[in-house]
Each structure stands twice: as structure tokens, then as C-alpha cells.
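# Got a predicted structure plus its sequence, pasted below:
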Amino acid sequence: MLQSVIYGHFFYKVSHAQELMEDKTAQPTRVEVVKIIQLSAQQYRHFSANLLQDMPFIAANKDLTGWYKEVTRCLLVTTRGNRDGILVDSQGYNYARYSAYVPDKRSLNLRDVPVDHYNLKLKKSLSGQDR
């Protein structure tokens, strides 16, 4: 697979994508996008606001991610209408254990990377109850 270099870094157990966007460090990090997960705009907003929530598309692909030979193998979670995305290294878990924000996915080498389109059924939150 093809590798890319992003300028930023992966954060451990961040709950909301906004925290990733506030990163002011710009260190080069080598990544390999092993699969693109394309969500609807609503699903992407839900995912980016709930990075620590178990997601079926991460669970189905968790064995593809991890750190190997100084390269972070990850999923790119994005939506068709946005240029940005979130890189996810689940480390074998069903949620975004390590994540990094990518402001422009065109900066990644995505040639021949498989794309999965997901149609998540978003649960309506019960008032006053959390998981």
C-alpha cells in the first residue's frame, strides 16, 4: 500500500474531533490509509462528536489498523461533501483509540485504497441516559 505523510499527530482517546483540530503541533507522521470509510454528513457529524463510541465500521475493520514498521496503518473516516477527514488507528478496539484530523484528504495518497460506504442507523439518545 501507499504511504503518506501528515503534519500533526495521533491523539489517544479523544472524545470529540474539535480537540483534534486544536492541535498546534506540526510534526511529520507517516501513515498508510488501508481503507476509506465514507459516511453521510449526518453520520460524520455524529462520529466526530463521539469518537470514543463503538462504531460498526471500526469494529469490522479493526484488524487492519495498527503501528507497523514506523508507519501508522489507519482508516480514513470522511464524507463525500467534505475535504477533511479523521484518521483512525483503533489498535484492535471498536472505537477511535488513536485519531488524527486531516484538513484536506487530497494531501493523502489514496490511489487504489478501497472505499466502504456505510449507512449507520443513528440511535436517538434517551433523555438523561448515557451509555
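Arrived safely. Bear in mind that the values here come from a model prediction, so they are computed numbers and not experimental data.
# Could you use CA atoms for every contact and neighbour count after this?
OK.
# what's the strand of greatest length in the chain in contact with?
Ordering each strand of the chain by length in residues (DSSP state E) puts strand 28-39 first. Outside strand 28-39, the residues that touch it by CA atoms under 8 Å, 6 or more residues apart in numbering are 1-9, 57, 64-65, 70-80, 87, 109-110, 113-120.
# Next secondary structure after it?
Scanning forward in sequence from strand 28-39, with DSSP states H and E defining helices and strands, the next element found is helix 41-49.
# buried sites along that following helix?
Gln43, Tyr44, Phe47, Ser48, Ala49 (16 or more other CA atoms under 10 Å).
# Show me which positions of the helix or strand following that helix end up buried.
Moving toward the C-terminus from helix 41-49, the first helix or strand encountered (DSSP H and E) is helix 56-59. Of the residues in helix 56-59, those buried by neighbour count under the rule 16+ other CA under 10 Å are Phe57, Ile58.
# what's the answer for stretch 9-17, then?
By neighbour count on 16+ other CA under 10 Å, the buried set for stretch 9-17 is His9, Phe10, Phe11, Val14, Ser15, Ala17.
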